[in-house]
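Chemist: Have a look at this fold, sequence not included:
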């Protein structure tokens, strides 16, 4: 061993002990004939004191930042203690040292507040990983990993590895494929998830399975997506939805306790998908704050009841509201005194192309009991009050109103709500609010193909009451514009998402486990029998040999870690991430391959 | 939940309790109006008793093997108890049941002693996985996984995930490659191991890393190789070889204890590579038994000393020995009474093409003190005795002798030794003998390319004393036939393998951590500076910023599990293995992909 102790463990109790440390030179400070060195390793920082007698050696072998040093000396009490450092009471009076390796000057400072830009830090990721901030993230990731594993182990789950070289069954996202040299002309695919394997394991009787596993999707990378990502993947047999919800809110609570020391005792709140869309305009609502959406045109309150005030915009001649498909309001607490400049800025905000609204209407609920709005000439103060009351506004609040086409307006209002929550500091990084969103639609309409696609995946079971709707109706859509009127639009799934602070951290479903129902599902998605057999024959086959009822869930491990670490970016929680073009700029991958490799694989380029 | 208990947990103490079980029908036995069903799940088997009152229901809903059943009833003491079953004292008197799913007749019996052949069981792997034998293997695998993780965690190792989509750097084995859609014409590679990443993590200061991780090699599959396999991959910084040996023999001992209940207290035996080759003809000797090789032509004993008898074959006219490069002997205990038929059969065995010897000479050391051999006319009894004594034979033993070219003969004798060990029952499945093999050669000579290749990999450091040999000599080999005389042939590496019962279960090395030495290593392997920079520039770069001394090891997880499970085949310890053509016959993968996929990836087939 190059060391007797780490740079994080020595304390005043070890005074007088001879020790050897090894680590990186963080800082060097010279005071006359004395040199202080802060030596850093994974465990902390310890101050070394090099006295006069080592000066000549230092002159011959000059030290620099990030040099790797091994130093032996005696633990001594410090005169000026550093209370911010766990080792701050002591220093090591060095008697000998040797330089294990040199370092050229790093391209950026190895500090929390680094001067390195994103690209530079990606290129020198091995130096970025030295920063305390990044190290803390990876340590947190490991704790989450370990806490999840321990919980699952204690609940009789078994880690079973599933294969990475599987079959390409494009349906939904795009597969990464791998040419097979031993089977020329054929390709493996990398798994988008171990979905069918974990279901097969249920058929095989391994009734509680888990895996912390890499998954792959060849999608255009929006910000903060990675082509390879990690899932905590789980499946259980002989369970109903309720069992899964209980088991996995237990897991997340265990993780909170183990990793953050936060004890969550209350049951996780639940909300149907309908409710989430209605109240928050969003299937993954951030419930750290209120500001629920109110549809003032259809004149229902968030309870779905008509307010005592009756239809809230009836009788007004305001054309924008009259012609809009939907008019939505939120009550922003404590903002009634917004200046003209501030409301103008908000109006500009909703007009940005990402939000895409025509304008913003507001009502100030003044503390003196009066109401003032940007549409005063169309609404009496009583009407304004009625709208504000229905939206839940109190004196001092600001009501914001958007009008337009249903889908776009609801989405825009959801964004505006989050933005206002952010501006008012209601989305606290150290507050964690879990939520189950339930009863998702089974199908989504795919405009491009004019067909139904599975919202979750084709293995998700419909609600038992809704199976008949699926079986008794043809999936064919005659009038694409009216797809919402097709019976399939009303079928709900036994599917659930776990939401944390406005982010989906996990999602799953109770699965279909009967061959005939699974076949009908494939047919509903427009798959021919032949195609279904070609792609999923093994699963249909397995369902004939006594498949048990089962269901599961998968957690987005990168995202979960990022949120627990108080960050928006998953990239900070991955040791070697890729950039938005799917490149590893440190490795310079992907890259060209040799002609020999093309020849062996019997493929060639076909660049367009 | 579909059940209150599992099929493995009910005991006499629960008598009288109402319970609900769910599982698979293992057997059905009818006795008049009473039906017994053995219900199976992951946890065990419980006997159900269906009385007269349920008979009509059974008539309407006939049950069969592998049906999925849910049954409610009362725990009752059994009249004829089954002591072989943990639940054998009780049965459940069923009051109601329902069939959760049916099963067609399985293509083979779901039993330890199945009637299904290999191919059938691979195709219906989900049924094969139901067999108790296979389940036990996967459970063992999970215990090994968990024991390794716990040990590593307790020793401050951190699980850090490294990427799967990396850069192709073919050197040694062939890469699997993945075309990049976002970077047309470029390819990722799947990692053969996370080698460079774990070294970068050491440079980053994460001084103890581990991962249980899938690795990929596109090699022609010999029996019992898989294109994707799992490693327990570890690396440590600020360590010397001794530290790594201690840490990881600790891990393996911990696994033995946790998984097999075997306490290994003694230090793991160590042997140099030279010694292993000399004594066992093999760099992964099975040391559960002796029978070491003795070179009787060079006349040294296994201690490297000349026996008191002097040169053992000198003076004889036996041409085979005289002309052979090497003559090797082993003493097989207790076999002096082998019949002619038996020695003939052994002679045939060594003549098989896999062994490739011309013949076999034997000396019977009879219990009456006489010696009898197949070459009596060339050797006096005294000479025979001298050879037998030198080989360590006692009265009653049989000495076997092979002669021929050094390399082939040593390999053949190693095989013969293992075969005799097997035949004599000396290779006991429940005996576990660990061994460290040390001091491997740094280089191997690659005949095809007439150049040196790294025996372990290009990141392995030479022994400090041998660095100079590498630096001061050109790697060029003038006379290929005499490569053994090149100074590089003598360079030893700081490399080590852990061997268990004649199988390499882990291997590693102390790494190069200085840029200049690493560059010289690449040059020694015939890599141009440009090529080295192109392939490994990131690592060479990292070594400039303060790389610490480091080293590591990787264990073949599949193999380790197989040996602990007493099996020769890793396939039995992998949930979804591939066959020898790299095919998953259950999925039917690899397979053709769509034209759309080719177009998007901008590649096409180029079948020869």
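Modeler: The structure has been received and is ready for your questions. Since this is a predicted model, take the numbers as computed values, not measurements.
Chemist: Give me the buried positions along the lengthiest helix in chain A.
Modeler: Under DSSP state H, the helix in chain A containing the largest number of residues is helix A:132-154. Using 16 or more other Cβ atoms under 10 Å in any protein chain shown as the test for burial, helix A:132-154 gives A:134-135, A:137-153. (Glycine included, C-beta is placed from N, CA and C.)
Chemist: what about stretch A:509-527, average pLDDT?
Modeler: The average pLDDT within stretch A:509-527 is 96.
Chemist: and the residue nearest to the spatial centre of chain A, what pLDDT?
Modeler: By Cα atoms, centre = their mean, chain A has its centre lying nearest to residue A:559, at 2.9 Å. In this model, residue A:559 is scored at 96, pLDDT.
Chemist: you'd agree it is up against residue A:570?
Modeler: Yes: contact between residue A:559 and residue A:570 holds when scored by Cβ atoms under 8 Å: they sit 5.7 Å apart.
Chemist: Is residue A:121 in a helix, a strand, or coil?
Modeler: Secondary structure for residue A:121, judged by DSSP: H, G, I helix; E, B strand; the rest coil, is helix.
Chemist: Spatially, what comes nearest to it if we skip its sequence neighbours?
Modeler: residue A:128 (4.2 Å; Cβ to Cβ, 6 or more residues apart in numbering or on different chains).
Chemist: any idea how far the one you found is from residue B:80?
Modeler: 70 Å (Cβ to Cβ, to the nearest Å).
Chemist: Repeat that for residue A:485.
Modeler: For residue A:485, the distance to residue B:80 - Cβ to Cβ - is 65 Å.
Chemist: Which phi and psi values does residue A:468 adopt?
Modeler: Backbone geometry at residue A:468, expressed as degrees, to the nearest 10, gives phi -60, psi -40.
Chemist: can you list the domain ranges for chain A.
Modeler: Domain assignment for chain A, taken from automatic domain parsing, gives A:12-101, A:133-265+A:556-597, A:289-427, A:441-492+A:514-547.
Chemist: Just the terminal-to-terminal distance for the last one.
Modeler: Pointing back at domain A:441-492+A:514-547 there. One end of domain A:441-492+A:514-547 sits 25 Å from the other (Cα to Cα, to the nearest Å).
Chemist: and if you look at stretch A:501-521?
Modeler: End-to-end distance for stretch A:501-521, by Cα to Cα: 33 Å.
Chemist: Counting neighbours, which bits of that stretch end up buried?
Modeler: Result for stretch A:501-521 [16+ other Cβ under 10 Å]: buried residues A:501-502, A:505-515, A:517-521.
Chemist: Following element in sequence after the one helix or strand in chain A whose mean pLDDT sits lowest, please.
Modeler: Lowest by mean pLDDT, DSSP states H and E among the helices and strands of chain A is helix A:55-60, with a mean of 85. Going down the chain from helix A:55-60, the next helix or strand is strand A:68-77, by DSSP states H and E.
Chemist: what stretches of chain A score poorly on pLDDT?
Modeler: Residues of chain A meeting the criterion pLDDT under 70: A:299-311.
Chemist: Need the outlier residue of it, farthest from its centre.
Modeler: residue A:53 (55.1 Å).
Chemist: sec struct for that one, please.
Modeler: helix.
Chemist: For the closest residue to residue A:569 other than its chain neighbours, give me its contacts.
Modeler: Spatially, and ignoring its direct neighbours in sequence, residue A:569 is nearest to residue A:224 (5.7 Å; Cβ to Cβ, 6+ apart). Contacts of residue A:224 were listed using Cβ atoms under 8 Å, 6 or more residues apart in numbering or on different chains, and they are A:568, A:569, A:570, A:571.
Chemist: let's see it at 10 Å
Modeler: Listed by Cβ atoms under 10 Å, 6 or more residues apart in numbering or on different chains, the contact partners of residue A:224 are A:558, A:559, A:562, A:568, A:569, A:570, A:571, A:572, A:577, A:580.
Chemist: same deal with residue A:63?
Modeler: Here residue A:63 is in contact with A:25, A:28, A:35, A:37, A:50, A:69, A:97, A:99, A:102, A:103 (Cβ under 10 Å, 6+ apart).
Chemist: Out of those, which is nearest to residue A:469?
Modeler: residue A:103 (67.3 Å; Cβ to Cβ).
Chemist: what about the closest one, how many residues close to it?
Modeler: A count of neighbours around residue A:103, defined by other Cβ atoms under 10 Å in any protein chain shown, yields 20.
Chemist: Identify those among the buried residues of stretch A:501-521 that sit within helices.
Modeler: Taking DSSP H, the ones among those that sit in helices are A:515, A:517, A:518, A:519, A:520, A:521.
Chemist: which SSE is the residue nearest to the second one when sequence neighbours are not counted in?
Modeler: Going back to what we said before, that points to residue A:517. Once flanking residues are discounted, residue A:517 sits nearest to residue A:467: 6.9 Å by Cβ to Cβ, 6+ apart. Under the criterion of DSSP H and E, residue A:467 resides in helix A:467-472.
Chemist: buried set for stretch A:110-128?
Modeler: Going by 16+ other Cβ under 10 Å, stretch A:110-128 has these buried residues: A:110, A:114, A:116, A:121, A:122, A:123, A:124, A:125, A:126, A:127, A:128.
Chemist: ok, so of those residues, who is nearest chain B?
Modeler: For these, the minimum distance to chain B (Cβ to the nearest Cβ) is 4.5 Å, reached by residue A:126.
Chemist: Need the three-state assignment for the closest one.
Modeler: Per three-state DSSP, residue A:126 ends up helix.
Chemist: For it, give me its contacts.
Modeler: Per Cβ under 10 Å, 6+ apart, neighbours of residue A:126: A:575-576, A:586, B:197, B:199-205, B:538-539, B:541-543, B:545, B:547.
Chemist: swap the cut-off to 7 Å and go again
Modeler: Residue A:126 makes contact with B:200, B:203, B:204, B:542, according to Cβ atoms under 7 Å, 6 or more residues apart in numbering or on different chains.
Chemist: just the residues you listed now: which is nearest chain A?
Modeler: So of the contacts of residue A:126, ranked by how close each gets to chain A (Cβ to the nearest Cβ), first place is residue B:204, at 3.7 Å.
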